[in-house]
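In: let me see the structure of the following:
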Amino acid sequence: MKIKLFPDLALKQQMPEFNFDNPTIDPKELEKNLVEFMLKSNGIGLAANQVGIETSVFVMGHRDNPTLAKGFFNPIILESSTELLDMEEGCLSFPGVFVKIKRPKYIVAKWQNSSGEWEQGKLEGYDCKCFLHEFDHLIGITFKDRVSNLKWNLANKRKK
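Out: Down below sits the predicted model:
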């Protein structure tokens, strides 16, 4: 696996739903491989299209507790708070760039796990930020699209 770097077109396309009835790849194997690659890359989230796999799945987790890392297949956002938090984000597809982005304080979402079963939960703070960042990848939005050109240019100057 190799990270697709911006402006790779894979980062700007909406991903098709993962088909549990006729999978092109074993979902448990896909989850395992994405989690391993994310952790090896020091990421906290990774969308399948960031490594050239065109399907609606991402993983989230942290190297401090890798056993909690898991996949989110075909995620859907059901509700989001009107209150926003301004939190710093980075992205493996934009190495070294960090920028503050306003996102909902919490969301309620549902997704399928790697067994194809639906789960639902409320995500807040850090988990919410990560979920929304990775969800954006699946619909062809990058964190660059979430900020003004001025904010983006300043973030890139700090990178250098």
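
In: which one is the residue nearest in space to the middle of the chain nearest to, not counting chain neighbours?
Out: Among the residues of the chain, residue 134 comes closest to the average C-alpha position under CA atoms, centre = their mean, at 1.5 Å. Nearest residue to residue 134, sequence neighbours excluded (CB to CB, 6 or more residues apart in numbering): residue 58, at 3.7 Å. Yep, even glycine has a C-beta here, placed from its N, CA and C like the rest.

In: ok, the one you found to residue 34 distance?
Out: Computed with CB to CB, to the nearest Å, the distance linking residue 58 and residue 34 is 8 Å.

In: what residues are shared contacts of those two?
Out: Common neighbours of residue 58 and residue 34 (criterion: CB atoms under 8 Å, 6 or more residues apart in numbering): 46, 48, 71.

In: now list the buried members of those.
Out: 46, 48, 71 (16 or more other CB atoms under 10 Å).

In: what does the worst-scoring helix or strand of the chain on mean pLDDT contact?
Out: Ranked by mean pLDDT, DSSP states H and E, the weakest helix or strand in the chain is helix 149-159, scoring a mean of 92. Residues outside helix 149-159 that contact it (CB under 8 Å, 6+ apart): 96-100, 144, 147.

In: now render the residues you listed as a markdown table, adding pLDDT and secondary structure.
Out: A markdown table is the format used below for these (pLDDT from 0 to 100; DSSP: H, G, I helix; E, B strand; the rest coil):
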| residue | pLDDT | secondary structure |
| --- | --- | --- |
| 96 | 94 | strand |
| 97 | 96 | strand |
| 98 | 96 | strand |
| 99 | 96 | strand |
| 100 | 96 | strand |
| 144 | 96 | helix |
| 147 | 95 | coil |
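
In: ok, which stretches of this structure are strands?
Out: Taking DSSP state E to define them, one finds strands in the chain at 45-47, 57-60, 70-80, 84-91, 94-104, 106-112, 118-124.

In: pLDDT of the last one, averaged?
Out: Average pLDDT, strand 118-124: 97.

In: which neighbouring elements make contact with that strand?
Out: Packing partners of strand 118-124 (3 or more CB pairs under 8 Å, 6 or more residues apart in numbering; DSSP states H and E): strand 106-112.

In: what lines up beside the strand it packs on in the sheet?
Out: Here strand 106-112 has these sheet partners by DSSP bridges: strand 70-80 (antiparallel), strand 118-124 (antiparallel).

In: count the neighbours of residue 152 for me.
Out: 17 (other CB atoms under 10 Å).
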